[in-house]
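# Attaching a predicted model along with its sequence, questions to come.
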Amino acid sequence: MSHIDLTHAGGGRPRAPSASAGAAPQPRWLARVPHVVILSRVALAFVVLALFARPFPFPAAGLVLTVVAIAMDGLDGWLARRLGVASDVGAVLDITADRIVEHVLWIYFTVAGLVPLWVPLVIVSRSFLVDAARGVAATHGKTPFGARTMQRSAVSRFLVASRFMRSTYGVAKTAAFVLLGAVLTLRAGAEAGVALASPAHAVWVGALATAVAMATVGICLARGVPVIWDARVYLRPGLSPR
């Protein structure tokens, strides 16, 4: 589970069709409903961190809310389309919320000792570089996805914009966060004397969580590098917007 380009199906919302002449205007509060969902998802991510930091059984509740926060990723877009209030502001808020939720979870799992420090450093750096590259391309009339995509080859379009790769990355992130949250829950349970799994199963869950987290970082880089590479053309001196 969002950029100025509103054709992004995985993290943003498509542009709402123009209101026909004479159509009744939407109430202003209606346009804020998807925004409230977006902000609630960000708040929920910080609640999850607070629960993970507490003794058992609070981490178990944090694990459940992690799933809820991830599931809410597409809810704001669905509401915006349903209510006819999709907007540029909503799309920007959506991708910003995605970044915040993703980054705070990676950082917390690093602090908890479940992933190495280089993981959030790579993820956060990739986010800044990709967003900067897309911002530069936008000044030349290019979008991350759609007919005027900034991606310049079939390979980069597949890695960055295809539904398959976006879905794969979304599933990988979800699995990584849920498995890492499960490791925290198992650890908290063991510290409280509650055996939620056998030692062998706990080790297996930890190994699987690490493997999925590393795979997620790999997919993240595979989708980010083509954006940065294709953006180089827009940095050439004297290039005029097209």
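Received, thanks.
# Every contact and neighbour count from this point should use C-alpha atoms.
Noted.
# Find the residue at the geometric middle of this protein.
residue 98 (3.7 Å; C-alpha atoms, centre = their mean).
# Report the mean confidence score over the top helix by length along the chain.
Looking only at the chain and at elements set by DSSP state H, the helix with the highest residue count is helix 199-230. Mean pLDDT, helix 199-230: 96.
# name the helices or strands packed onto that helix?
helix 118-138, helix 154-161, helix 163-191 (3 or more C-alpha pairs under 8 Å, 6 or more residues apart in numbering; DSSP states H and E).
# For the first one, buried residues please.
Within helix 118-138, the residues that qualify as buried are 119-120, 123-124, 126-127, 130-131, 133-138, counting by 16 or more other C-alpha atoms under 10 Å.
# Any chance of TSV for the residues you listed, columns pLDDT and distance to residue 152?
Below are the buried residues of helix 118-138 laid out as TSV (pLDDT from 0 to 100; distance: C-alpha to C-alpha, whole Å):
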residue	pLDDT	distance to residue 152
119	97	28
120	97	28
123	97	23
124	96	24
126	96	19
127	94	20
130	93	15
131	90	17
133	91	13
134	87	13
135	87	16
136	88	15
137	87	12
138	85	14
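# could these go into TSV alongside distance to residue 226?
Output for these, formatted as TSV (distance: C-alpha to C-alpha, whole Å):
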residue	distance to residue 226
119	19
120	20
123	15
124	17
126	11
127	13
130	9
131	13
133	10
134	11
135	15
136	15
137	13
138	16
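# now, which of the residues you listed sits nearest residue 66?
Using C-alpha to C-alpha, residue 120 comes nearest to residue 66 of these, at 17.9 Å.
# Let me see the contact set for that closest one.
Residues in contact with residue 120 (C-alpha atoms under 8 Å, 6 or more residues apart in numbering) are 103, 106, 107, 110.
# The last one contacts residue 117, doesn't it?
Right, the one you point to is residue 110. Yes. Counting by C-alpha atoms under 8 Å, residue 117 is a contact partner of residue 110 at 5.9 Å.
# State the mean pLDDT of stretch 235-242.
Mean predicted confidence for stretch 235-242 is 61.
# Name the residues of the lowest-mean-pLDDT helix or strand in the chain that are buried.
Least confident element among the helices and strands of the chain, by mean pLDDT, DSSP states H and E: helix 75-83 (a mean of 77). For helix 75-83, the neighbour count (16+ other C-alpha under 10 Å) marks 76, 77, 79, 80, 81 as buried.
# Compile the residues you listed into CSV and extend it with columns for distance to residue 51.
Shown next, in CSV, are the buried residues of helix 75-83 (distance: C-alpha to C-alpha, whole Å):
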residue, distance to residue 51
76, 24
77, 27
79, 28
80, 30
81, 33
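# Surely residue 145 is in contact with residue 163?
No. Between residue 145 and residue 163 there is no contact under C-alpha under 8 Å: 10.9 Å.
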